[in-house]
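Return atomic coordinates for the entry below.
(one chain, ligands or ions: 1)
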Amino acid sequence: MYLNINNDKIHSGEIDILGAKNSALGIIAASVILDGDITLYNIPDLYDIHVMIEALKQIGFNVFFKNNTLKITGEANNFILSNESLSSIRGSYYFYSSLLAKFFHVSSFLPGGCNLGARPINYHLEGFASLGCDYVIFDNHIEIITQELHPNDIHLPFPSVGATINLIILASTILGVTHIYNPALEPEVLDLINFLNHAGAKISIKENYIEIMGVTKLKGIKYKIIPDRIESGSYMLLALTKTFSSISLNNTNYKHLEEVIKTIKNIGGIVRLNKNKITVISPKKITPINITSGVYPKFPTDLIQILAAILSDSYYPSTITDTIFENRYSYLKELKKLNIDVKYNFPSYQVSSSHIFNSAKLICSDLRGAFSLFTSCFLTHGHFQIQNVDFIFRGYNSFLDNLKKMNVSFSLGCSTDNLLF
Ligand code: EPZ
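Model prediction:
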């Protein structure tokens, strides 16, 4: 699908932020090991969530999803996941841990996810092995099995969000004490821990490790997931473009965005906080900075591409470095179509521009890169087309409704014909 944008005015708007996609994925999979009805609130209505819901149904649950509330009843009765769409999303690997915990066996697909580099799952598999599992991979399938799960001390080579979540889920029902050293402590990981502890788990965060005292039973609960800090940060950065005056966000949590807020102020934006509402006011001009992403609470890798689009609207270069993924660069060749100058010094690059073109056809190739290209259409007035805009729909709840709330003139097309050019 493609989005034609006719940027002919100064925009502003107020939008509602929904629950964190990257929190919902782990919590939905972890629901498999709870005994009893589960109700999850603030769940975003996104493709990845629907894939996880279909998987829950396939293993035996009754699932009802309406108005961002997910009701899960019944229980799992099989460990085989055969829905090919699981290989198109990253979060599908969270079912490895919950089905292993329930059945000591899981048969599924290797995970998909945005093309940001190799994206191996070795930390997950090494962690499973240290808890007593064996696995075999063939084609794009994986089979993991165990005769007996046992606690252990796991040392993660890198604070991987996915591996930390997967290993917490598996360890939460292994009697004894498991430690995960060098864990990820992103808000989405803490949300998963909070969810499991509400259900009766015994998980605590220590100096540089997570301690999990396994329990025999976890009970069904009602739980509201945290707001999506990446969705929030994306719109906060969009507000800094020349053709926006301001954007206000409701139902968000500025405590998860402290480094993003600091960065926005450093480049000249104004940020107003009022309980769970954030308003960002666009600066007259962008102040160049040098920025490096890192694990939480540093600047998030998922926003670095969108920030690069903002920083490119300056004659003076800014230097950007992503320390998390080795290939989050494909969007830069698209930004060049807007007369944005990119100088590479891997893993860093510099962006700047003396004059942003007012027309371009931009092709998306990953979720956050797609929002970056969308943002670049607001650096100056003009006519723009974004192809493969489906990527954005995978991570941004009610995206088209939000465009209307921000008074953006757009049309959506399905074919590849060049209606705009
Ligand atoms: C999660 O991905 C998020 N996805 C990503 O968001 C986010 O960018 C990332 O965490 C970092 O915050 C979901 O939660 C579904 P990692 P994940 O394991 O878990 C390497 C988005 O846009 N690594 O923390 O895959 C890996 O290649 C997505 O919503 C291994 O080498 O990230 C990467 O370089 C994009 N072996 C680094 O670690 C492993 O076994 C961090 O990965 C696992 C990871």
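
How about the secondary structure of the closest residue to the ligand within the chain?
Of all residues in the chain, Gly162 sits closest to the ligand, at 2.7 Å by Cβ to the nearest ligand atom. Placement of C-beta: from N, CA and C, glycine included. At Gly162 the chain is in helix, as set by DSSP: H, G, I helix; E, B strand; the rest coil.

these two touch, right, it and Asn122?
No. Judged on Cβ atoms under 8 Å, Gly162 makes no contact with Asn122 at a distance of 11.3 Å.

Stretch 74-91 vs the ligand: in contact?
Yes. Using Cβ under 6 Å from any ligand atom, stretch 74-91 reaches the ligand at 90-91.

other SSEs contacting the helix or strand hosting Glu258?
Here Glu258 sits within helix 258-266, counting by DSSP states H and E. Helix 258-266 sits against helix 229-238, strand 270-274, with contacts defined as 3 or more Cβ pairs under 8 Å, 6 or more residues apart in numbering; DSSP states H and E.

Give me the mean pLDDT for the longest one.
The predicted model gives helix 229-238 an average pLDDT of 98.

The helix or strand following it pairs with which strands?
Following helix 229-238 in sequence order, the next helix or strand is strand 244-250 (DSSP H and E). Here strand 244-250 has these sheet partners by DSSP bridges: strand 11-16 (parallel), strand 277-281 (antiparallel).

re the thing from before, just want to know which of Gly162 and Asn122 has more residues nearby.
Taking neighbours as other Cβ atoms under 10 Å, Gly162 and Asn122 compare with Gly162 leading, 23 against 11.

Which residues of the chain lie near the ligand?
Near the ligand, when you scan the chain using Cβ under 6 Å from any ligand atom, you find 22, 25, 90-91, 114, 117-124, 158, 160-163, 184, 186, 301-302, 324-325, 367-368, 395.

Just the ones of those in helices?
22, 25, 122-124, 161-163, 301-302, 367-368 (DSSP state H).

could you flag which of those are buried?
22, 25, 123-124, 161-163, 301-302, 367-368 (16 or more other Cβ atoms under 10 Å).

wait, what's in contact with Tyr96?
With contact set as Cβ atoms under 8 Å, 6 or more residues apart in numbering, Tyr96 has these partners: 106, 108, 124, 128, 142, 144, 166, 170.

tell me the SS of it?
Using three-state DSSP, the structure places Tyr96 in helix.

Model confidence for it, exactly?
98.

Kindly report the same for Leu367.
Reported pLDDT for Leu367: 95.

number of nearby residues for the closest residue to it other than its chain neighbours?
In this structure, Leu367 finds its nearest non-sequential neighbour in Gly395, 4.5 Å apart by Cβ to Cβ, 6 or more residues apart in numbering. Using other Cβ under 10 Å, Gly395 is surrounded by 24 other residues.

Check the spacing between Gly395 and Tyr47 real quick.
Distance, Gly395 to Tyr47, by Cβ to Cβ, to the nearest Å: 9 Å.

Contact partners for Leu185?
So Leu185 contacts 159, 205, 295-296 (Cβ under 8 Å, 6+ apart).

Just the buried subset of those, please.
Using 16+ other Cβ under 10 Å, the buried members of the contacts of Leu185 are 159, 295-296.

can you list those residues in CSV and add pLDDT?
Below are these laid out as CSV (pLDDT from 0 to 100):
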residue, pLDDT
Pro159, 98
Val295, 97
Tyr296, 97
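
Can you list the neighbours in contact with stretch 170-183?
Residues outside stretch 170-183 that contact it (Cβ under 8 Å, 6+ apart) are 30, 33, 96-98, 100-101, 127-128, 131, 149-159, 164, 167-168, 189, 196, 201, 203, 208-216, 218.

on that earlier part again, was I right about the residue nearest to Leu367 contacting Cys364?
No. Gly395 lies out of contact with Cys364 (Cβ under 8 Å); the separation is 11.4 Å.
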